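Novice: sequence first, predicted model second:
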Amino acid sequence: MSRSTSRVLRIAGLAVTALVGSSVVVANLVVVGRTSGDLTRDVDDLGPAQVVIVPGAGVYPDGTLGRPVEERVRAAVALHDAGLVEKILLSGDNGTSTYNEPDAMRLAVLEAGVPAADVFTDYAGFSTWHTMRRARDVFGVEDAIVVTQGVYAARTVDLGVAAGLDVEGYVVSEGGRRAREWIARVRGLGEATFRPRVTPGPAIPITGDGRASWADEPA
């Protein structure tokens, strides 16, 4: 490789790095800035809502909840017990027969004493965008509280608003992978802007007489 070619490649590499860095900075400023008023760590700041949405996270092969999703489930149960929400919507990844976040969350919620009629599960919550958009399109949710860690809260609420929800974010802890989330906000901003299609499914109203039974929900 000639010296001139090497120099061009170095300059191109620096330009790409600068562009990527700028995208990350802009995405973080936009997403954090426009959701700051919709996040709280104090349950007393929350208004009543139809539903609390619990985005899925890692579960172990034996069905035990990982710490992040355990914190979310615990917070959702507390909100339901306090009467702030009518229903609990558990949305996670069940993309293979050997991995099932929604059922693991559902079992924990039922064991905590929440009536089965108040628990709904979304098996196609493959991403935060899928979770929020399907909450609106499939389950008919209009207003919600979403429970998640502080690192993820801004992007989660931003995507909820983009999906058409009146949503508040309840921060359950400060855990999470910050560097990874900074990058994830770039994708999140794109999803909030262009609103890509999500996995469809039959309508399962979360309120009213059309409430589905467990057996009627998608597998």
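Specialist: In hand now; what should we look at?

Novice: low-confidence stretches in the protein?
Specialist: The chain contains residues with pLDDT under 70 at 1-23, 176, 207-219.

Novice: ranges for the helices of it?
Specialist: Ranges of helices in the chain, per DSSP state H, are 3-33, 67-81, 101-111, 128-137, 150-162, 178-194.

Novice: nearest to Pro200, of those helices?
Specialist: helix 128-137 (7.9 Å; Cβ to Cβ). To be clear about C-beta, it is placed using only N, CA and C from the backbone, and glycine gets the same treatment.

Novice: can I get that closest one as PDB, trimmed to CA atoms?
Specialist: Extracted C-alpha coordinates of helix 128-137, given in PDB (Å, rounded to 0.1, in the frame of the first residue of the first chain):
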ATOM      1  CA  THR A 128     -38.400  -2.000  23.000                       C
ATOM      2  CA  TRP A 129     -40.000  -0.700  19.900                       C
ATOM      3  CA  HIS A 130     -41.900  -3.900  19.400                       C
ATOM      4  CA  THR A 131     -43.100  -3.800  23.000                       C
ATOM      5  CA  MET A 132     -44.400  -0.300  22.800                       C
ATOM      6  CA  ARG A 133     -45.900  -0.500  19.300                       C
ATOM      7  CA  ARG A 134     -47.600  -3.800  20.000                       C
ATOM      8  CA  ALA A 135     -49.000  -2.500  23.300                       C
ATOM      9  CA  ARG A 136     -50.800   0.200  21.300                       C
ATOM     10  CA  ASP A 137     -51.700  -1.800  18.200                       C
END
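
Novice: related to what we said a few turns ago, tell me which of the helices of the chain lies nearest to Pro61.
Specialist: For those, proximity to Pro61 was assessed by Cβ to Cβ; helix 101-111 is nearest, at 10.2 Å.

Novice: and Thr40, which of the helices of the chain is closest to it?
Specialist: helix 150-162 (9.3 Å).

Novice: chain center to that closest one, what's the gap?
Specialist: Remark: helix 150-162 is offset 7 Å from the chain centroid, using Cα atoms, centre = their mean, to the nearest Å.

Novice: same check, this time on stretch 109-124
Specialist: 17 Å.

Novice: who touches that stretch?
Specialist: 51, 73-74, 76-77, 80-81, 86-92, 94, 100, 102-103, 105-106, 130-131, 134-135, 138-139, 198-199, 201, 204, 206, 211-212, 214, 217-219 (Cβ atoms under 8 Å, 6 or more residues apart in numbering).

Novice: next one: the residue nearest to Pro205 when sequence neighbours are not counted from Ala154, what distance?
Specialist: Once flanking residues are discounted, Pro205 sits nearest to Gly140: 4.7 Å by Cβ to Cβ, 6 or more residues apart in numbering. Look at Gly140 and Ala154: by Cβ to Cβ, to the nearest Å, they are 25 Å apart.

Novice: dump the residue contacts of the closest residue to Thr64 other than its chain neighbours.
Specialist: Nearest residue to Thr64 in three dimensions, chain neighbours excluded: Ala104, at 7.5 Å (Cβ to Cβ, 6+ apart). Residues near Ala104 by Cβ under 8 Å, 6+ apart: Val59, Gly63, Thr64, Leu65, Val69.

Novice: which among those residues gets closest to Leu39?
Specialist: Each of the contacts of Ala104 was scored against Leu39 by Cβ to Cβ, and Val69 proved nearest at 19.1 Å.

Novice: next, count neighbours for that closest one.
Specialist: Neighbourhood size, Val69 [other Cβ atoms under 10 Å]: 23.
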